[in-house]
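S.K.: prediction below, plus the sequence it came from.
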Amino acid sequence: MADAPRRATTSRAVRIRYWATRTFSGRAVVYGTVAKVVAFLLAAVFGASSWFELIDTGGDLAIIIGALIVALRLFVTMKAQMLWRVRSKLTLSYIFMGFVPALLIIVFFMVAVLLLFFNVGGYMMRTDLNRVVDSAHFASESAALGVARESSPAGIRESLQVRRAVLASRYPGTSVTLVPAAGRCGREQGGPLVPDERAAIGPWKHRAAPTVIPAWVPCTGFAGLIVYDDGGVLRLVARAVAWPNGGQRAVILDVPIDEAFEREMVQRSGVVLEEVREDPKTLGIGNARDGRLNWIAGLDAFKWDKGETTDLVATFGLSLRDVYNRLALTDLSRFKNFDAGRFLYAVLAVVGILFLIIQVVAFSMGLALARSITGSVHELFAGTERVRRGDFAGRVSIKSRDQLGELSQSFNSMTTSIEDLLQQKAEKERMEQELRIARSIQMSLLPQGPLIMPGVSLTAHCEPAREVGGDYYDFLPIDEHTLGILVADVSGKGTSAALYMAELKGIVLSLSQRHSSPRELLIEADRIISRHLDSRSFITVTYLILDLRASALKYARAGHCPLIYVPGPYSQRRKPQLITPDGLVLGLTLDQGRTFNRLLEEVTIPLGRGDLFVLYTDGITEAMNHDGDCFGDARLASLVGQHADLPADELRERILREIDAFTESAPQQDDMTMVVLRVEEVGAALTAPALAHADA
């Protein structure tokens with residue numbers, strides 16, 4: 001038994017030795033420690049040196065780097081071990097969802113209260129300053145009236161002293177002077193001021209009494225804050241200027257913003273003005289004197305010499321308690337047995353205790369909930385492990401009647417139906433394989449490659465929206481200079497549409513050799529196919545016969561999209577045309593086809609060299625973008641007209657690129673089929689070799 005501690009100590013020593021000699025962090029700590037010891041010994045033997053200090057600093061850096069790496073690895077290890085369990089994650093989530101938001105709410109309200117009190121304090125400070133300015137303005141106007149009533153220098157001086165004394169009882173630094181201003185304001189011409197009239201009354205400690213009135217002062221008077229430099233410190237003074245009758249002199253009254261003003265401001269609002277600066281960066285924000293808090297506010301002041309307005313930033317200190325006491329609207333001091341402050345403290349204490357109790361209860365409930373959740377989750381984890389190994393017979397025990405219990409029951413139901421799902425998946429894959437085969441068969445029914453025929457350039461494109469579709473086109477050579485072209489669209493998509501398309505192909509192949517008129521062929525095709533077509537289905541068809549020797553094209557359409565026709569370059573009016581003869585769709589069992597025969601119309605178009613024809617299905621023009629806008633027949637016709645000189649293959653690719661750009665690669669909703677036909681030679685210019693299809 002005594003060997004166990006010895007083995008543990010040996011194992012710990014081996015791990016420490018491995019860390020110190022084999023890991024980067026351990027070697028960094030060891031080398032850093034050795035460097036500091038060497039630097040200390042060298043400094044002790046040879047004295048201080050910058051080289052020794054550099055070695056010591058390098059050792060400090062190595063130790064710090066090694067310690068940071070160790071701390072990071074410990075954090076990652078502890079995080080992996082602690083947060084591997086869902087219960088630990090839920091516990092941490094409850095802490096962050098419960099305690100941290102509560103702490104942030106408290107901090108938020110404290111900051112909001114501080115901002116409110118700071119704004120109120122700034123408002124109080126500006127109000128007190130405006131009150132002093134108003135008092136100075138009123139006193140200067142009163143002094144100007146007194147000066148106007150006196151005629152002797154002694155009377156003028158006495159009047160000024162009386163007006164100053166009224167304001168000096170509150171602000172001892174109040175000073176007043178009478179300044180000559182001949183010719184500034186008024187029309188009366190008074191005599192020059194005698195020396196006694198020039199005398200300044202009051203201490204005038206803040207600044208020397210003004211001797212002239214600056215030109216910017218208006219004749220209506222002035223009242224405002226004046227800023228001046230007092231040995232590098234900005235000072236404020238409330239100055240008012242009033243003009244006695246005659247306009248030959250002016251009364252200037254100053255109230256310095258000094259200690260007397262600050263005492264009155266503290267008594268009135270609990271706010272004290274600390275300092276003013278023009279540069280807010282030099283102001284200090286923190287604790288003011290007497291335990292007050294510092295903040296800043298903006299002030300407007302004037303420079304006396306030029307009358308320029310300057311923006312100042314003032315630091316003021318305030319006591320939250322004093323401001324609150326002055327803002328309180330109800331005076332409860334007369335109620336001897338009622339202490340409002342203690343009552344509010346008691347309410348806050350009760351609310352705080354309730355808040356703490358709720359937090360503890362919520363945390364306990366969260367832990368219990370975490371234990372319940374993690375137990376059920378562990379059962380589900382064990383069940384999924386069995387399923388992963390291929391054991392579908394295992395069941396998860398249901399321990400609770402809640403959503404987790406329902407989840408366990410669903411898991412059990414899932415394991416019983418997995419085999420069915422696998423079988424369904426296999427069946428689906430088999431059907432998809434069959435659909436791929438059907439697609440290849442359907443595509444083999446279409447012409448394989450472009451048709452090679454003298455005098456004609458012909459290309460086509462067919463793209464089903466699903467594995468198989470209902471669009472169909474075909475090239476039907478009738479003789480060496482006559483060609484039938486068919487484009488059809490079976491209503492709907494999928495397998496049924498593909499089957500109807502195959503039936504239509506057989507019918508048209510047999511009829512194309514018997515009928516030289518598109519109208520007659522479509523009438524006969526409608527009579528045959530309407531017997532077999534489902535009552536909810538129909539087919540739109542465009543069929544044309546191209547006779548190069550006769551230089552004519554016969555065209556009929558049974559409810560299909562228009563034919564785009566662009567005359568050749570030798571035509572006088574080379575503009576794209578949408579040709580839309582009347583016609584009803586195939587397959588409707590209406591009055592034995594009489595309405596179909598009556599409405600179906602055939603048109604004949606004379607052919608010229610370079611004529612261009614584009615046949616298409618509605619999947620081309622009804623291609624939509626993300627806003628629900630369709631490509632449209634008009635846009636397609638305009639596009640064909642702009643690029644009518646391109647070869648047929650390039651024109652086809654150009655149209656497809658424009659449609660893809662218009663739809664912004666949105667999912668295709670319908671089959672897209674298009675045939676591009678260009679007439680190269682007609683009439684006698686044709687040679688007579690045979691027709692053939694190129695290999696796909």
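M.R.: Cool, got the structure.
S.K.: drop to CA atoms for contacts and neighbour counts, all remaining ones
M.R.: OK.
S.K.: which ones are touching the residue nearest to residue 464 when sequence neighbours are not counted?
M.R.: What sits nearest to residue 464 in space, not counting adjacent residues and going by Cα to Cα, 6 or more residues apart in numbering, is residue 671, at 4.3 Å. Listed by Cα atoms under 8 Å, 6 or more residues apart in numbering, the contact set of residue 671 reads 462-466, 469-471, 493, 617, 619.
S.K.: pick out the most distant pair among those residues.
M.R.: 466 and 617 (15.6 Å; Cα to Cα).
S.K.: between the two, point out the one with more neighbours.
M.R.: Ranked by neighbour count (other Cα atoms under 10 Å), residue 466 and residue 617 place residue 617 first, with 26 against 16.
S.K.: go ahead and confirm the more buried one touches residue 672.
M.R.: Yes. Counting by Cα atoms under 8 Å, residue 672 is a contact partner of residue 617 at 6.3 Å.
S.K.: shared neighbours, those two?
M.R.: Common neighbours of residue 617 and residue 672 (Cα under 8 Å, 6+ apart) are residue 471.
S.K.: related to what we said a few turns ago, pLDDT and secondary structure for the contacts of residue 671 - can I get that in CSV?
M.R.: Putting the contacts of residue 671 into CSV (pLDDT from 0 to 100; DSSP: H, G, I helix; E, B strand; the rest coil) gives the following:
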residue, pLDDT, secondary structure
462, 85, strand
463, 82, strand
464, 80, coil
465, 73, coil
466, 70, coil
469, 70, coil
470, 74, coil
471, 83, strand
493, 66, coil
617, 90, coil
619, 87, helix
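S.K.: would you list those residues in JSON lines and tack on distance to residue 263?
M.R.: As requested, the contacts of residue 671 are exported to JSON lines (distance: Cα to Cα, whole Å):
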{"residue": "462", "distance to residue 263": "95"}
{"residue": "463", "distance to residue 263": "92"}
{"residue": "464", "distance to residue 263": "92"}
{"residue": "465", "distance to residue 263": "89"}
{"residue": "466", "distance to residue 263": "90"}
{"residue": "469", "distance to residue 263": "95"}
{"residue": "470", "distance to residue 263": "97"}
{"residue": "471", "distance to residue 263": "97"}
{"residue": "493", "distance to residue 263": "93"}
{"residue": "617", "distance to residue 263": "94"}
{"residue": "619", "distance to residue 263": "89"}
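S.K.: for those, pick the one with the most neighbours.
M.R.: residue 471 (32 neighbours).
S.K.: run a quick neighbour tally on residue 324.
M.R.: 14.
S.K.: ramachandran angles for it?
M.R.: phi -60, psi -40 (degrees, to the nearest 10).
S.K.: got it, and residue 675?
M.R.: Dihedral angles (degrees, to the nearest 10) for residue 675: phi -130, psi 130.
S.K.: for it, which non-adjacent residue is closest in space?
M.R.: Closest residue to residue 675 apart from its sequence neighbours, by Cα to Cα, 6+ apart: residue 460 at 4.2 Å.
S.K.: tell me the secondary structure for the closest residue to residue 205 other than its chain neighbours?
M.R.: If the residues on either side of it in the chain are set aside, residue 205 comes closest to residue 173, at 7.4 Å by Cα to Cα, 6+ apart. Here residue 173 is recorded as coil under DSSP: H, G, I helix; E, B strand; the rest coil.
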